[in-house]
Every structure is written in structure tokens, then in C-alpha cells.
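**Student:** Next one to model:
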Amino acid sequence: MSLYLKKQTPSVAQPIPVVQNNGNFTYNDRQIVHQVETTIQHWQLRNLISSPSSHIVALPRHNTIQFYNTKTKEIVKTLDLPFAPMSIDTRYDHVAVAGPRGLALVRSMDDSWSSDVFNIGPGMNNAIGLSKIDQDVRVTICNNDHTIHIYSIPSMKRITVLELPSAVNHTSVSMDGKFMLATSDTGDVYQYSIHGDQYELESTYKVSNEPCLGCAWNSSSTMFAVTSQDGQVNVFDVVTQKKLCQLVSSETRKTRKAARCVAFSKGPLDLMIYSEHVSQVNIVDTRTFDRRQIIRLAPLDMDAHIAGITFSPDYRSIFVALEDNLTELKLDLASRRQFPSATPLSIF
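**Tutor:** Numbers count the residues shown, from 1 in each chain. Down below sits the predicted model:
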């Protein structure tokens with residue numbers, strides 16, 4: 001019997017929390033629209049923007065990565081590529097880009113170092129992510145040939161290759177560097193423990209009957225969220241393996257309701273954001289999971305495809321990339337300070 005089956009965690013019943021759509025976490029009058037475009041290369045892969053530093057957002061346009069300054073409202077840097085980006089990440093002073101035909105590139109943000117364009121396999125690279133294990137910065141790449149390749153930066157020494165039963169759509173390493181998640185086309189999510197260079201499968205969660213897409217850890221590495229093609233976002237406690245919350249997209253059309261990207265803020269802001277396939281982003285209170293704010297970024301009679309979503313590094317804003325603009329949503333930090341059990345937001 002496959003290890004992936006033996007490790008399977010029993011399904012958990014839908015949780016008690018009932019989410020009301022009465023959240024109000026942003027300033028309605030402080031929505032800023034930046035006239036910068038994002039090119040979506042794949043109908044499903046929407047992990048296409050990242051914010052490496054204050055006021056800077058990295059986003060793809062055709063065969064380039066453009067670094068846009070939201071304060072000066074100009075492109076301050078362009079990275080030319082020999083392929084069209086399918087996924088990008090900008091953390092730990094590096095930018096990592098994945099493309100079709102197994103192609104990928106990693107480069108330092110100050111341009112002092114760059115890997116060669118390298119190939120990890122014949123399939124499309126579905127996602128790329130940067131992580132830090134102790135002092136080792138690593139890049140993790142998911143390929144459509146059912147593999148996950150992990151390299152150390154800057155040596156580009158291959159640490160391991162994980163083979164899974166189906167195509168992997170996304171990975172996420174916990175902030176404490178102890179765990180990694182991998183979402184699959186079968187609707188399963190695999191949780192690995194990390195011990196140095198060893199990635200050991202610990203649990204398999206059956207999350208959906210449709211493909212699982214995005215995943216993310218909260219800042220304290222105590223819970224994680226998984227998005228899926230059926231429009232669900234499921235949040236789990238890592239210790240008890242119990243489901244904390246189950247959300248469903250407000251969109252009902254089958255081809256439009258997929259939940260794509262997901263991300264957590266740092267505490268004590270305690271918010272989670274996720275994007276639907278078109279037009280709408282959701283902000284959820286992770287202290288109680290009883291309030292959600294749904295923000296529509298297109299007229300009711302139109303669809304606007306979402307290319308990606310991310311918090312700014314200072315967690316004052318949420319950036320949403322659409323095909324024809326970048327929308328900046330300002331978070332109402334003062335209101336969050338007044339919520340029950342809140343503590344002073346010292347990071348601001």
C-alpha cells in the first residue's frame with residue numbers, strides 16, 4: 001500500500017463556526033487603482049504577484065517580471081525572461097520565477113547573483129516558492145509530472161525530489177521551517193515534516209473531491225488554509241488536525257467559483273485573505289472565523305479575472321492584481337486594535 005494512503009487523516013466534519021458576511025476590515029474610501037497590467041498565462045495558475053518590500057509589487061507582463069512602485073506609480077525595474085512566468089515569489093532577498101516546460105530561474109534582488117535558467121522536468125511548473133530552513137534559503141518547485149524539486153540557494157544544490165501520486169499545484173513551508181504542505185489534483189493535501197534535508201510525509205488530508213489549488217500557513221505555524229476548485233477554503237489546526245473553518249465562494253457559477261490564492265497576515269492583525277477565480281476577494285477574521293468581508297472589484301454584469309493577491313510587507317494593504325490594473329485595498333488597522341482580545345500592533 002502506498003505511504004500516501006497509509007498516512008491519510010480521516011475526514012473531519014464541517015465545523016460549528018458560522019461565517020457572517022458582515023466584516024469591515026478595509027477603508028471603503030481608500031481603494032487605489034494602479035494602471036499596471038498583469039499577464040495571465042494559464043486559466044488556473046493565479047499565483048502571479050508578490051511584494052518584496054515596501055511600496056514594491058512584482059508582477060508578470062508577457063516574458064518579463066515588472067517591479068512596480070505603488071508610491072511613485074512607475075515601473076522601477078524589469079527582469080527579462082526567456083519564458084512566460086507561471087508563478088513568482090519574492091522573499092529572503094531573492095526573486096524566483098517558474099514557467100512552462102519545467103523552466104525556472106532564481107535571482108538575488110540586488111542583481112548580484114543569478115542562477116542559470118534551469119529545467120526540472122518535461123511538465124509545466126505549477127508553482128514556485130522560497131523558504132528558509134534554519135539559515136538555508138531554499139526554492140521549491142512543483143511540476144506537473146507529479147514531482148516537487150527542492151534546491152538550496154545560492155549553490156543550487158538539489159536537496160531532494162519528492163514523487164507524489166498526482167500533479168502538485170502549490171506548496172507552502174511553515175514560518176518556523178518545520179512543515180511543508182503540498183496540494184494535489186486529487187483533492188488531497190500532503191503535510192511533510194522537515195528535518196534538515198529530509199522531508200518526511202506525516203499526514204494526508206482529503207479536503208475536496210476536486211483539485212486543491214493554493215495553501216498557506218499562518219504566522220505562528222499553528223494553522224493552515226487550503227483552497228480548491230469547488231470554491232471551498234478549509235482551515236485546519238496543525239496539532240489536532242481538526243477543521244477550524246470551511247468557507248465557500250460567493251460566486252456560484254462552476255467555471256468561476258474556484259478559490260485560488262490564500263494568505264495570512266501576521267499576528268496580531270489575525271486576518272486571512274483569498275481570491276476567487278473572478279472579481280471577488282475575501283477577508284476573514286481568523287480570531288473567531290465568524291466574520292468575512294467580500295469585496296467585488298468589477299461591476300455586477302462583468303467578470304474581472306484575478307491574477308494574484310498578497311499582503312504588503314507592512315500589512316497595511318492588500319494588493320489584488322487584475323489583468324488591466326493593480327488594486328490596493330487599505331486595511332483599517334485602528335478597528336482591529338479595538339476588537340476583543342486585541343493587543344497593540346507593535347509591528348506598525
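**Student:** residues contacting Y92?
**Tutor:** 130, 132, 137 (Cβ atoms under 8 Å, 6 or more residues apart in numbering). All C-beta spots, glycine's among them, are computed from the backbone N, C-alpha and C.
**Student:** how about JSON lines for those, with distance to I150, neighbour count and pLDDT added?
**Tutor:** What follows is those, written out as JSON lines (distance: Cβ to Cβ, whole Å; neighbours: other Cβ atoms under 10 Å; pLDDT from 0 to 100):
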{"residue": "L130", "distance to I150": "11", "neighbour count": "21", "pLDDT": "98"}
{"residue": "K132", "distance to I150": "13", "neighbour count": "14", "pLDDT": "97"}
{"residue": "V137", "distance to I150": "11", "neighbour count": "19", "pLDDT": "98"}
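**Student:** Let's see which of the residues you listed end up in strands.
**Tutor:** 130, 132, 137 (DSSP state E).
**Student:** wait, the second one sits on G177?
**Tutor:** By that I understand K132. Yes: between K132 and G177 there is a contact at 6.2 Å, judged by Cβ atoms under 8 Å.
**Student:** ok so, going back, if we take the ones in strands among the contacts of Y92, which one ends up nearest to T147?
**Tutor:** Nearest to T147 out of the ones in strands among the contacts of Y92 is L130 (Cβ to Cβ; 18.3 Å).
**Student:** Okay, and the beta partners of that closest one?
**Tutor:** L130 has these beta-bridge partners by DSSP bridges: V139.
**Student:** mind listing the helices for the protein?
**Tutor:** 3-6, 333-337 (DSSP state H).
**Student:** Comparing the ones you listed by mean pLDDT, which bottoms out?
**Tutor:** Comparing mean pLDDT across the helices of the chain, the weakest is helix 3-6, with a mean of 64.
**Student:** Contacts only, for I150.
**Tutor:** 138-141, 158-162, 199.
**Student:** same deal with L297?
**Tutor:** Per Cβ under 8 Å, 6+ apart, neighbours of L297: 279-281, 304, 306, 320, 322, 327.
**Student:** that older thread, just the ones in strands among the contacts of Y92 now: which is nearest H55?
**Tutor:** Checking these against H55 with Cβ to Cβ, the nearest one is L130 at 20.3 Å.
**Student:** thinking that closest one is in contact with Y151, fair?
**Tutor:** No: counting by Cβ under 8 Å, L130 sits too far from Y151 to count as a contact (10.5 Å).
**Student:** In the stretch 201-348 of the chain, where is pLDDT below threshold?
**Tutor:** Residues of the stretch 201-348 of the chain that meet the criterion pLDDT under 70 lie in 339-348.
**Student:** Same check on the stretch 1-150 of the chain?
**Tutor:** 1-3, 5-17.
**Student:** go again using 50 as the cut-off
**Tutor:** Flagging of the stretch 1-150 of the chain using pLDDT under 50 yields the residue ranges 1, 10, 12-16.
**Student:** all strands of it, in order?
**Tutor:** 8-9, 32-34, 50-53, 56-61, 64-69, 74-80, 87-91, 94-98, 103-108, 118-119, 125-133, 136-143, 147-153 (DSSP state E, counting those that start in this stretch).
**Student:** returning to that earlier point: now the contacts of I150: which count as buried?
**Tutor:** 138-141, 159, 162, 199 (16 or more other Cβ atoms under 10 Å).
**Student:** What is the nearest of these to A216?
**Tutor:** The nearest one, if we look at the buried ones among the contacts of I150 relative to A216 and count by Cβ to Cβ, is T140, at 13.8 Å.
**Student:** wait, isn't the closest one in contact with M180?
**Tutor:** Yes: if you go by Cβ under 8 Å, T140 and M180 touch, sitting 7.4 Å apart.
**Student:** which neighbours do these two share?
**Tutor:** Contact criterion Cβ under 8 Å, 6+ apart; residues shared by T140 and M180: 131, 171, 173.
**Student:** who's in contact with D145?
**Tutor:** So D145 contacts 121-123, 167 (Cβ under 8 Å, 6+ apart).
**Student:** Please report which of the contacts of L297 has the highest neighbour count.
**Tutor:** In terms of neighbours by other Cβ atoms under 10 Å, these top out with I306 at 27 neighbours.
**Student:** Okay, strands next: where are they in the stretch 201-348 of the chain?
**Tutor:** All strands of the stretch 201-348 of the chain, identified by DSSP E, counting those that start in this stretch, fall at 212-217, 223-228, 232-237, 243-248, 259-264, 271-276, 280-285, 292-296, 306-311, 317-322, 326-330.
**Student:** ok, how many other residues are close to F311?
**Tutor:** F311: 19 neighbours (other Cβ under 10 Å).
**Student:** Any idea what it is bridged to?
**Tutor:** On the basis of DSSP bridges, F311 is bridged to I318.
**Student:** Would you convert the buried ones among the contacts of I150 into CSV that also reports distance to Q66?
**Tutor:** Formatted as CSV, the buried ones among the contacts of I150 follow (distance: Cβ to Cβ, whole Å):
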residue, distance to Q66
R138, 25
V139, 21
T140, 24
I141, 22
I159, 31
L162, 32
Y199, 33
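**Student:** out of the contacts of D145, who has the most neighbours?
**Tutor:** A167 (19 neighbours).
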